[in-house]
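Colleague: here is a sequence with its predicted model. Questions after.
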Amino acid sequence: MPEELIAQRPIEPRNASRLMVLDPIRQTIEHHKFFELKNFLNVGDALIFNDTRVIPARLIGHRPSGGRIELFLLRRIDQTHWETLVKPGRKIVEGSQLIFGDELSCTVIDRTDFSGRIVEFHFDGVFEEILDRLGETPLPPYIHETLDDAERYQTVYNRVRGSAAAPTAGLHFTHDQLDDLQSSGINLGFVTLHVGIGTFRPVRVDNIEDHRMHEEFYSIPQSTIDLINRTKQSNRRVIAVGTTTIRTLESSARSGELSGATDIFIYPGFEFRVVDGLITNFHLPKSTLLMLISAFAGREFILRAYQEAIAERYRFFSFGDAMFIEAKI
């Protein structure tokens with residue numbers, strides 16, 4: 001993966017990014033622009049989006065002794081308790097006090113299976129308002145430039161606070177494009193999955209079946225279930241915008257629950273029950289996301305598509321270009 005192809009800033013406008021269109025059945029690869037997406041959709045198709053909103057999950061503070069620490073919020077447990085990552089974490093044990101200013105501190109109360117910490121926050125006032133003042137939007141570590149407008153790391157349709165990272169496939173859509181899709185007979189539905197370490201944690205085991213996914217919270221409104229059922233009955237496609245959306249829908253199809261925690265890990269051999277098409281970005285090597293799209297479109301075909309994307313100088317990862325996989329294998 002050539003480092004110079006890792007996108008360091010979002011493109012303007014959002015839908016001016018490139019769009020690689022893949023047909024795994026015919027084994028074809030085409031090159032287009034994201035604003036041309038409508039040309040590859042049919043009347044009655046349903047696009048399903050993840051409407052989560054990224055919180056300012058990065059807190060910079062210090063220990064009582066003065067040592068600098070960085071706390072990364074992963075998942076809210078209740079009103080005062082969060083699952084977090086701490087850096088540097090070697091000396092952060094149960095009972096450690098972390099201070100982020102006069103209005104916010106926390107106590108470490110437990111460790112997690114994923115080298116994280118459970119903390120209890122201490123504050124006066126509304127936690128969300130304090131977090132908005134003190135926290136920072138957590139950009140991925142491969143983005144080295146400062147983002148001038150934090151809203152560019154949010155989708156235009158975000159609704160529900162809770163993510164530690166953006167569902168990046170949705171970053172390409174503009175309000176005008178969504179309106180145009182709807183007026184053209186494309187149906188839009190929404191789910192919520194709060195992106196956490198389960199989505200972006202790399203696979204470090206030799207046998208991928210030994211990899212354990214971290215749980216992430218999801219919720220699906222009944223209106224989206226109804227839309228999916230109508231779409232299927234009409235022999236139209238249910239198209240997931242992003243891997244988090246596909247994990248949400250396929251998790252619910254297996255559990256029968258419209259909300260809960262999912263640790264679903266999708267890799268080649270997986271049987272998709274809901275999703276017929278997928279819009280996604282270009283993912284990191286050794287990531288569960290790359291394994292998911294390999295399950296959807298075929299490993300060799302996806303690797304060939306990635307090699308072509310490199311040759312054609314596509315922009316990669318969160319602020320990069322997109323692909324539309326028209327159908328599953």
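Modeller: Nice, I can see it.

Colleague: just for the stretch 101-250 of the chain, where's the confidence low?
Modeller: Counting by pLDDT under 70, the stretch 101-250 of the chain shows low-confidence ranges at 198.

Colleague: can you show me the helices along it?
Modeller: For the stretch 101-250 of the chain, applying DSSP state H, counting those that start in this stretch gives helices covering 127-134, 175-183, 197-200, 222-233, 243-255.

Colleague: deepest-packed of those, please.
Modeller: Among those, the stretch with the highest mean neighbour count (mean count of other Cβ atoms under 10 Å) is helix 243-255, at a mean of 24. For the C-beta atoms, the positions are set from N, CA and C on the backbone; glycine is no exception.

Colleague: on that earlier part again, turn the helices of the stretch 101-250 of the chain into JSON lines, including distance to A297.
Modeller: Converted to JSON lines, the helices of the stretch 101-250 of the chain look like this (distance: least, Cβ to Cβ, whole Å):
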{"stretch": "helix 127-134", "distance to A297": "39"}
{"stretch": "helix 175-183", "distance to A297": "23"}
{"stretch": "helix 197-200", "distance to A297": "19"}
{"stretch": "helix 222-233", "distance to A297": "20"}
{"stretch": "helix 243-255", "distance to A297": "12"}
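
Colleague: show me the one of those helices that comes nearest R18.
Modeller: Judged by Cβ to Cβ, the one of the helices of the stretch 101-250 of the chain that comes nearest to R18 is helix 175-183, at 15.1 Å.

Colleague: what is that closest one packed up against?
Modeller: strand 187-193 (3 or more Cβ pairs under 8 Å, 6 or more residues apart in numbering; DSSP states H and E).

Colleague: partner strands of the strand it packs on and their direction?
Modeller: In the sheet, strand 187-193 lines up against strand 46-50 (parallel), strand 216-219 (antiparallel) (DSSP bridges).

Colleague: chain center to the shortest one: distance?
Modeller: Mean C-alpha position of strand 216-219 versus that of the full chain (Cα atoms, centre = their mean, to the nearest Å) differs by 12 Å.

Colleague: do the same with the longest one
Modeller: A distance of 13 Å separates the centroid of the chain from that of strand 46-50, by Cα atoms, centre = their mean.

Colleague: I'd like the average pLDDT over it.
Modeller: With pLDDT averaged residue by residue, strand 46-50 scores 98.

Colleague: restrict that strand to CA atoms and write it as CSV.
Modeller: What follows is strand 46-50, C-alpha atoms only, in CSV (Å, rounded to 0.1, in the frame of the first residue of the first chain):
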residue,chain,number,x,y,z
ALA,A,46,-33.1,0.6,-1.0
LEU,A,47,-29.9,2.3,0.3
ILE,A,48,-29.4,1.7,4.0
PHE,A,49,-27.2,4.1,6.0
ASN,A,50,-25.6,4.1,9.4
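
Colleague: residues of stretch 301-321 that come out buried?
Modeller: 301-302, 305-306, 309, 314-321 (16 or more other Cβ atoms under 10 Å).

Colleague: the strands paired with strand 187-193: which one's closest to L19?
Modeller: Among the strands paired with strand 187-193, strand 46-50 comes nearest to L19, with 14.0 Å by Cβ to Cβ.

Colleague: contacts for that closest one, please.
Modeller: Strand 46-50 has contacts (Cβ atoms under 8 Å, 6 or more residues apart in numbering) with 41, 155, 157, 167, 170, 173, 181, 186-193, 195, 224, 227-228, 231, 236-242, 244-245, 248-249, 275, 279.

Colleague: try stretch 100-114
Modeller: 59-61, 71, 81-83, 86, 92-99, 117-125, 130-131, 134, 197, 201, 212, 214.

Colleague: wait, what's in contact with V205?
Modeller: So V205 contacts H211 (Cβ under 8 Å, 6+ apart).

Colleague: again, but for H211
Modeller: Going by Cβ under 8 Å, 6+ apart, the list of residues near H211 reads 203-205, 265, 288.

Colleague: got the end-to-end distance for stretch 255-264?
Modeller: 11 Å (Cα to Cα, to the nearest Å).
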